[in-house]
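**Student:** one predicted model, sequence on top.
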Amino acid sequence: MFEQGQQVALVDPGGVAFAPSTINSGAVQNLPTVVCLKDFFTLMQRIDHYLYEHPDEAPPRECLDLIMICIAILDGARAVGFEVGDLEGELEKSLNELEKRTE
């Protein structure tokens, strides 16, 4: 428990677990109460699958939902002290691709 009220836990597998933050994502459906960066990487694989393995198909709504969960995970990670700028850059690329494909 940190002085500011944030909590982290060590989990196996996954490493360090923490609460996601909806400060930038807003309310997100199906957002777990505890996440880890491994969750982010797993969801990014699914997002990339939709975007890059099926380039001729419109991405499903789930793709945007997964991006919103990833935003909440990264905001939660930053709140407990992780440097996530490089991961945000990767997520932004996926979001830009999603926007291009849904116009």
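**Tutor:** That came in fine, so what should we check first?
**Student:** now do the longest helix along the chain: which elements does it pack against?
**Tutor:** Ordering each helix of the chain by length in residues (DSSP state H) puts helix 61-79 first. Secondary-structure packing of helix 61-79 (3 or more Cβ pairs under 8 Å, 6 or more residues apart in numbering; DSSP states H and E): strand 15-18, strand 35-36, helix 37-48, helix 85-101. In this view, the C-beta of every residue, glycine as well, is placed from N, C-alpha and C.
**Student:** what stretches of the protein score poorly on pLDDT?
**Tutor:** 1-14 (pLDDT under 70).
**Student:** distance of the residue most central in space within the chain from residue 56?
**Tutor:** Residue closest to the average C-alpha location in the chain (Cα atoms, centre = their mean): residue 70, at 1.0 Å. Applying Cβ to Cβ, to the nearest Å, the value for residue 70 to residue 56 is 24 Å.
**Student:** go on, residue 64?
**Tutor:** From residue 64 to residue 56 the distance is 19 Å (Cβ to Cβ).
**Student:** which one of the two has more residues nearby?
**Tutor:** Higher neighbour count among residue 64 and residue 56: residue 64, with 16 against 4, using other Cβ atoms under 10 Å.
**Student:** give me the number of residues near residue 55?
**Tutor:** 10.
**Student:** list phi and psi for it.
**Tutor:** Residue 55 has phi and psi values of phi -70, psi -20 when expressed as degrees, to the nearest 10.
**Student:** give me the contacts around stretch 47-54.
**Tutor:** By Cβ atoms under 8 Å, 6 or more residues apart in numbering, the surrounding residues in contact with stretch 47-54 are 59, 60, 62, 63, 66, 67, 70, 94, 97, 98, 101.
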